[in-house]
Every structure is written in C-alpha cells, then in structure tokens.
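Q: all I have is the shape, not the residue letters:
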C-alpha cells in the first residue's frame, strides 16, 4: 500500500466511525473501576493449610491497590463439595470453611472500602450442587414440598438431552436437568415458551419459579447487607429455558436491576454472558467479550488456539506471524460497543480461570503489547491475578476440582500466586504436597518481590499503564473511541475527550510497519515499546506499541 492510499484509508475509517464519550447510568465508581480477579484458593494462604483464604486476601489489599486496581472480583467462596471449584454451591449463605467465615467477608469489604476499593462476589445463579439442601428436598420421594419444583424434573421414562437420574430409594424416579456438569442441577426459573405437551415445563410465572427468583434476590440482599458491592453472575444467560429472543431472561434481569437501582444504587451487576449487546440492555452494568461463541476475544488473543511456532491455529491478532484479522475483531467489537456505550461497559479481560494465560506461547514484549491495547480500550479493565507479573500457563498442571474441560487443563491458569522466591513462592508455609495446586516449577518463574525492585518488570509496566489510564482523561472508562486504521497492522485508534486526544498504535507482528495519519503533525510519547513518531509517520518495530498524546498544531 502506498503512503497516499494509506492516508486515504485512515480518513475513511475515521469518518465512518466517530464514537464520542458517554457516561452510562449506574454507580459512579464504575467510571474509574479497574478490576482484579482473584481465584481465592490460589491467592495467599494465611493459616498454612495449603489453600488460599479470605484473611490472605485482606493481607494483600495494599498490594492490589499498588498495582492500580480499585475493585476485586472473587471466584466463588461459598460452602461447596468443590466438584467444580466452588461453582457447585451447597449453601449460598455460608462461606466455605477453607476460606474463613462470613465475618471474614465483612472484614474484607470493610478493609477494601477503607482503601477506596470495592468487592464483588461470584454469584452462581443458574444451578446448585446436588448436596444443596434445596436439591435434597426437591429430590425426595416423599410428599411434595416447597422445593419440589425448584429444579427441572423430567419424566423418568423419557430421556431428554442431558437429563440425569438421582439414584437411591429415598429419591424420586424422575430425572433432573443439569446446568453444566451432571452434579450441578439447574434451578427452575421457568420456560419462556413451555411446550403444552410437556407438563413439567413450567412457565416463568409458576409459583415455584417465582420462589426461585425471589430466593436469588434474598441471596444478593444477604451479601450486599454484609458489605459486598455487587456480583459477577456465572452463566447469566442460562436461567430461563426456551427463550430464543432473550425476552424472558431480559425481563428477569431487568427486574433485579430495577431493585438494585432503587435499594442498592451503588451495587453492580456483572454478567458472564459474553454478549454485551444483549446483556447490558437486559440490566447488567458490565459484560465481557470473552467466550461462549462471541468471536472478539478469540480473534484478538486466540486463547484456545493451537501453537505452531510464531503462528496460532486459528490465527489471532496477537501473534508474531501476523495472521490475525483486526478487521474482524473491530467489526465484532463495534457491534456491541456502539449500542451499549451509553448504557453500560464492555470488559476485555487479560484472562480468567477458564482459559490459558496470555503468556502461553508468548514472550514478555508480546504480552506487554497485549496489555497496551487491553488497558487503553474503553470499558472496565479486568486483570486476572498473576497476569500483572507474567505468570505462566502450566498445561501439565494436575486436574483439580473439575479443572479439566474439553481437553483444556484449566488448572494451568489456577496455580498459586507467586509472591517471592521463598518456600512455595511465598504462597503458603504448608508442605508442598499439601498445596491446592503445585507451584510453577520453573527457575524462571516470576514473582512479586523480585519484580517490585526491577523498574523494567512486567509488574511495574502494568502499574505504569494503569497510572496513565488514571491520569489521562482520554484513557478513562467512558471516554470516546475512534478507530483510525484497522486494515492489517498496525491497529491504530484514538481515545478522546473534550480536553485531550490520545493515539494508540499496536503492532503485534514480527515485522515492522509504518503508518501516517492525516493532520497529525505533533505528538508526545507517553509510553512506547519500539515505536516512534518521525516526520509525520508512526514507525513501528516488530512487536511494538506506542501511546501518544496528540498536540494541537500551532
């Protein structure tokens, strides 16, 4: 592409998409929120039993704040048999003893609030454990009780897809429908369009379904009153069956959002839906582009791609081979961002407990390039614990508590946080055989203590990026976003407010590139890696990024 045609392309993109700043409704603190996700059993063990706990998280609040994060999302902490790492809840009103007590949650929230931080809990809304009292009562063969239809029971002689028996003389003969693993029976919020031939398919207005709906509200109220600031809702789209147009699930979550706005206006709802264009109008303050078939995250990072040298199969934008398609990412992103930017926030996390870490198959400069984009985009950033120091994905980690799923060893992203070079990387004083999961055995594993003292470390790079986001209005969660170039490499976009304009240019490929922007003559570099602005052109080395403040022409 010639220099002149490249400039023309940039102008066309710029004129086609101009997305100004919008402030969504909801808690003001979301406008500046930066979340830190904690897998509690792997974060910090305060009592030497080999498992992370709530007092351990309290002990590390100052560290989390120092990274630049002011909000926390905790994976499930409730009583559970831990068949699925706590996503199989036995008692929604009680903290699992391995993590501490309900009073520890109260203390965590209070200590976070003292530091200007917020705490969101993981809410498993769509199912329970088979050991949950509600399910045990629902499964009873005796006379019907208040819980009999709290779960979805199908006729014993009909094998509906996925239906499961619950064997034993004490239990009813019907089969139940699970929501994920077989030991996670689905709570019955009803069917949007019940089949009249299947009398077991209850409408959402059935008293049992209404009772389940209200019980979820009671659970949220219980923890909000203790001090929690909101919830990340697991499998948020799964609650109502046969709802092809999302009308019934939208009605349900709008009901909860209306209650939040009235009684808990500073509390937030974050969905695991991965469809912001649906989830945000349905009542959620935040939804992520992460998984469940939405291609944006896969196009960007290829978390489940197969590695082939510098390439991934399927290709991702962030790969040295340069085979990814940023146009496809941007089209998908704008499909969600454009209709929701005035109503809520999109999150593009660095990773989470269900997928490989961004370091998998990448070196430090590559990961920094990823962070440079993710932490300068609109919406609410989410950093998965350990990503800020460059923790490794360990595909050979042992299977623990349902971690193996579809040949992906999710436990490879759930290993203990690495705090120092001391025993067990400073995670626990327990014997190594007693740890929740083994520590990364590599001599080159990163740790907080080492990176604290290295100005060039991944930790201090993350801090620098988040400091830029805090200090520059154009990089804020609600500031405007304007793509400038999204054809091949680099990906160039503008973040904008009335008072400031910042250009971000990202080149993840292993080859250099150059781009000129019409009318851009003066910039100030804010943070760069192998990028410079010379004679009206952005010159990008292989695997590089540049964050530049745009200056007005004299």
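A: Happy to help now that I have it. Computed from a predicted model, the values in this text were never measured in an experiment. Numbering: from 1, shown residues only.
Q: what's stretch 524-542 in contact with?
A: By Cβ atoms under 8 Å, 6 or more residues apart in numbering, the residues outside stretch 524-542 that reach it are 320, 365, 368-369, 372, 464-465, 468, 472, 489-490, 492, 502-503, 505, 507, 509-517, 520-521, 523, 543-549, 551. Quick note: C-beta positions are derived from backbone N, CA and C, even for glycine.
Q: tell me which of these fall in helices.
A: Among the contacts of stretch 524-542, DSSP state H puts 365, 368-369, 372, 464-465, 468 in helices.
Q: got any ranges where the chain has weak pLDDT?
A: 1-21, 291-294, 553-554 (pLDDT under 70).
Q: now the helices for this protein?
A: In the chain, the helices defined using DSSP H lie at 3-16, 54-59, 61-67, 102-114, 133-138, 207-226, 247-263, 276-279, 295-301, 326-340, 364-374, 448-452, 458-471.
Q: please identify the most buried of those.
A: Highest mean neighbour count of the helices of the chain: helix 276-279, a mean of 24 (counted as mean count of other Cβ atoms under 10 Å).
Q: ok, the most centrally placed residue in the chain - contacts?
A: Per Cα atoms, centre = their mean, the C-alpha nearest to the average position across the chain is that of residue 349, at 5.1 Å. Going by Cβ under 8 Å, 6+ apart, residue 349 touches 37, 288, 290, 374, 381-384.
Q: closest one to residue 207 out of those residues, please.
A: Closest approach to residue 207 among the contacts of residue 349 (Cβ to Cβ): residue 288, at 34.3 Å.
Q: number of residues surrounding the closest one?
A: 27 (other Cβ atoms under 10 Å).
Q: and the residue lying closest to it once chain neighbours are set aside, what does it touch?
A: Spatial nearest neighbour of residue 288, chain neighbours left out: residue 347 (4.1 Å); criterion: Cβ to Cβ, 6 or more residues apart in numbering. Applying Cβ under 8 Å, 6+ apart to residue 347 gives the contacts 35, 270, 286-290, 379-382.
Q: among the residues you listed, who's most crowded?
A: Comparing those by number of neighbours (other Cβ under 10 Å), residue 287 comes first, having 31 neighbours.
Q: look up how far residue 187 lies from that residue.
A: 21 Å (Cβ to Cβ, to the nearest Å).
Q: can you check residue 32 too?
A: For residue 32, the distance to residue 187 - Cβ to Cβ - is 35 Å.
Q: and the two? Which one has more around it.
A: Neighbour totals were compared for residue 32 and residue 187, and residue 187 leads with 25 against 15 (other Cβ under 10 Å).
Q: residue contacts, that one?
A: Per Cβ under 8 Å, 6+ apart, neighbours of residue 187: 125-128, 150-151, 179, 212, 239.
Q: just the buried residues of the contacts of stretch 524-542.
A: Neighbour-count burial (16 or more other Cβ atoms under 10 Å) is assigned, among these, to 320, 365, 368-369, 372, 465, 468, 472, 489-490, 492, 502-503, 505, 507, 509, 513, 515-517, 520, 523, 543-549.
Q: quick one: which of the residues you listed sit in strands?
A: Applying DSSP state E to the buried ones among the contacts of stretch 524-542, the entries found in strands are 492, 502-503, 505, 507, 513, 515-516, 523, 543-549.
Q: ok, so of the residues you listed, who is nearest residue 413?
A: residue 543 (22.9 Å).
Q: report whether the expected contact of residue 33 with residue 470 is present.
A: No: using Cβ atoms under 8 Å, residue 33 is not in contact with residue 470, being 11.3 Å away.
Q: domains for the chain, by residue range?
A: For the chain, automatic domain parsing gives the domain ranges 3-9+480-550, 33-126+228-473.
Q: so can I have CSV of those showing distance to residue 217?
A: Listed next are these as CSV, based on distance: least, Cβ to Cβ, whole Å:
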stretch, distance to residue 217
domain 3-9+480-550, 35
domain 33-126+228-473, 7
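Q: closest to residue 173 out of those?
A: With Cβ to Cβ as the yardstick, what comes closest out of the domains of the chain is domain 33-126+228-473 (21.7 Å).
Q: and that closest one, how far apart are its ends?
A: End-to-end span of domain 33-126+228-473 (Cα to Cα, to the nearest Å): 14 Å.
Q: next one: stretch 522-541
A: End-to-end distance for stretch 522-541, by Cα to Cα: 20 Å.
Q: same question, stretch 225-242
A: So stretch 225-242: terminal residues 34 Å apart, Cα to Cα.
Q: off-centre distance for that stretch?
A: 14 Å (Cα atoms, centre = their mean, to the nearest Å).
Q: list the buried residues in it.
A: Quick answer for stretch 225-242 (16+ other Cβ under 10 Å): 227-241.
Q: so for residue 191, which of the domains of the chain sits nearest?
A: domain 33-126+228-473 (4.7 Å).
Q: so how far is the closest one off the chain centroid?
A: Going by Cα atoms, centre = their mean, the spacing between the C-alpha centre of domain 33-126+228-473 and its chain's C-alpha centre is 5 Å.
Q: next one: stretch 125-136
A: So, by Cα atoms, centre = their mean, the centroid of stretch 125-136 is 25 Å from its chain's centroid.
Q: 20 is where my numbering starts, stick with that
A: Yep, numbering from 20; the last one is stretch 144-155 now.
Q: got the contact list for it?
A: For stretch 144-155, contacts defined as Cβ under 8 Å, 6+ apart pick out 99-100, 102, 107-111, 158, 166, 169-170, 185, 197-199, 202-206, 208, 235, 252-255, 257-258.
Q: surely residue 418 and residue 430 touch.
A: Yes: applying Cβ under 8 Å as the test, residue 418 and residue 430 come out as touching, 6.3 Å apart.
Q: and the residue nearest to residue 519 when sequence neighbours are not counted, what is it in contact with?
A: Distances taken as Cβ to Cβ, 6+ apart put residue 493 closest to residue 519, at 4.1 Å, once the chain neighbours are dropped. Shown here is residue 493, whose contacts under the criterion Cβ under 8 Å, 6+ apart are 499, 514-516, 518-521.
Q: now do residue 175
A: Going by Cβ under 8 Å, 6+ apart, the list of residues near residue 175 reads 184, 192-194.
Q: could you rerun that using 7 Å?
A: By Cβ atoms under 7 Å, 6 or more residues apart in numbering, residue 175 lies in contact with 192-194.
Q: and the two most separated of the ones in strands among the buried ones among the contacts of stretch 543-561?
A: Farthest apart among those by Cβ to Cβ are 562 and 568. That separation is 22.8 Å.
Q: out of the domains of the chain, which comes closest to residue 212?
A: Among the domains of the chain, the nearest to residue 212 by Cβ to Cβ is domain 52-145+247-492 (4.7 Å).
Q: for residue 231, what are its contacts?
A: Residues in contact with residue 231 (Cβ under 7 Å, 6+ apart) are 169, 206-208.
Q: go again using 10 Å as the cut-off
A: Residue 231 makes contacts with 144, 153, 166, 168-170, 206-209, 223, 225, 258, as judged by Cβ atoms under 10 Å, 6 or more residues apart in numbering.
Q: if we can go back for a sec, narrow the contacts of stretch 144-155 to those in strands?
A: Among the contacts of stretch 144-155, the residues falling in strands (DSSP E) are 110-111, 252-253.
Q: turn those residues into JSON lines, including distance to residue 453.
A: JSON lines is the format used below for these (distance: Cβ to Cβ, whole Å):
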{"residue": "110", "distance to residue 453": "25"}
{"residue": "111", "distance to residue 453": "28"}
{"residue": "252", "distance to residue 453": "33"}
{"residue": "253", "distance to residue 453": "28"}
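Q: didn't residue 380 look like it was pressed against residue 338?
A: Yes: with contact defined as Cβ atoms under 10 Å, residue 380 counts as touching residue 338 (8.2 Å).
Q: so what sits against both of these two?
A: 321, 324, 326-331.
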